[in-house]
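Colleague: please find the sequence and the predicted model below.
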Amino acid sequence: MNKPITCIICPKGCQITVNAETSPWITEGNACARGAAYAIQETADPRRTLTATVAILGAAIPRCPVVTSAPIPKGELLSTMDKLNHLTIHAPVNAGDVLVENFAGEGIHLVATRTLENTHAA
Ligand code: SF4
């Protein structure tokens, strides 16, 4: 039995344990099936959506807010942040633009979450 996972799907915050020694895995402490699915996902392949900023040239501000198009493996968050820190984009960008295709692998793109005009255009 793993240590309890706090379910974040709803405010109730059930403490869920996953028995990974059975087949299929059994959960305890979840008040609903959504919590069981969350705890099993969190045990088997924990993922997080990365929200951050990236350097941008030509805009009124120096960094553009970005997000991954899907959650990435939790163990890859730091290396993905490192990739972001070596990236510079150029204005203009529109919220929703794919800035880098397949940025995190698995077809997960880097997406702008803010529109930034080119304020340096002649
Ligand atoms: S298990 Fe269900 S009821 Fe409990 S916190 Fe998760 S979503 Fe909410």
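Modeller: It's in. Just so it is clear, the model here is predicted, and its values are computed rather than measured. Numbering: from 1, shown residues only.
Colleague: what sits up against the helix ranked longest in the chain?
Modeller: If you go by DSSP state H, the chain has its longest helix at helix 33-44. Applying Cβ atoms under 8 Å, 6 or more residues apart in numbering, the contact partners of helix 33-44 are 2, 5, 7-10, 14, 16-18, 20, 25, 27, 30, 47. All C-beta atoms are positioned from the backbone trio N, CA, C, and that covers glycine.
Colleague: after that helix, next one along is what?
Modeller: strand 47-48 (DSSP states H and E).
Colleague: and that next one, what does it pack against?
Modeller: strand 72-73 (3 or more Cβ pairs under 8 Å, 6 or more residues apart in numbering; DSSP states H and E).
Colleague: which of the contacts of helix 33-44 are buried?
Modeller: Neighbour counting by 16 or more other Cβ atoms under 10 Å classes 5, 7, 14, 16, 17, 18, 27, 30, 47 among the contacts of helix 33-44 as buried.
Colleague: any chance of those in a markdown table, plus secondary structure and distance to residue 75?
Modeller: Listed next are these as a markdown table, based on DSSP: H, G, I helix; E, B strand; the rest coil; distance: Cβ to Cβ, whole Å:
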| residue | secondary structure | distance to residue 75 |
| --- | --- | --- |
| 5 | strand | 17 |
| 7 | coil | 21 |
| 14 | coil | 25 |
| 16 | strand | 21 |
| 17 | strand | 22 |
| 18 | strand | 18 |
| 27 | strand | 22 |
| 30 | coil | 24 |
| 47 | strand | 10 |
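Colleague: let me know the closest of the residues you listed to residue 77.
Modeller: residue 47 (9.3 Å; Cβ to Cβ).
Colleague: now do the contacts for the nearest residue to that closest one once chain neighbours are set aside.
Modeller: Once flanking residues are discounted, residue 47 sits nearest to residue 71: 3.5 Å by Cβ to Cβ, 6 or more residues apart in numbering. Going by Cβ under 8 Å, 6+ apart, residue 71 touches 47, 48, 49.
Colleague: for the first one, give me the pLDDT.
Modeller: The pLDDT attached to residue 47 in the predicted structure is 96.
Colleague: so where's the protein shaky on pLDDT?
Modeller: 1, 122 (pLDDT under 70).
Colleague: at 90 instead, please
Modeller: By pLDDT under 90, the low-scoring segments of the chain are 1-3, 120-122.
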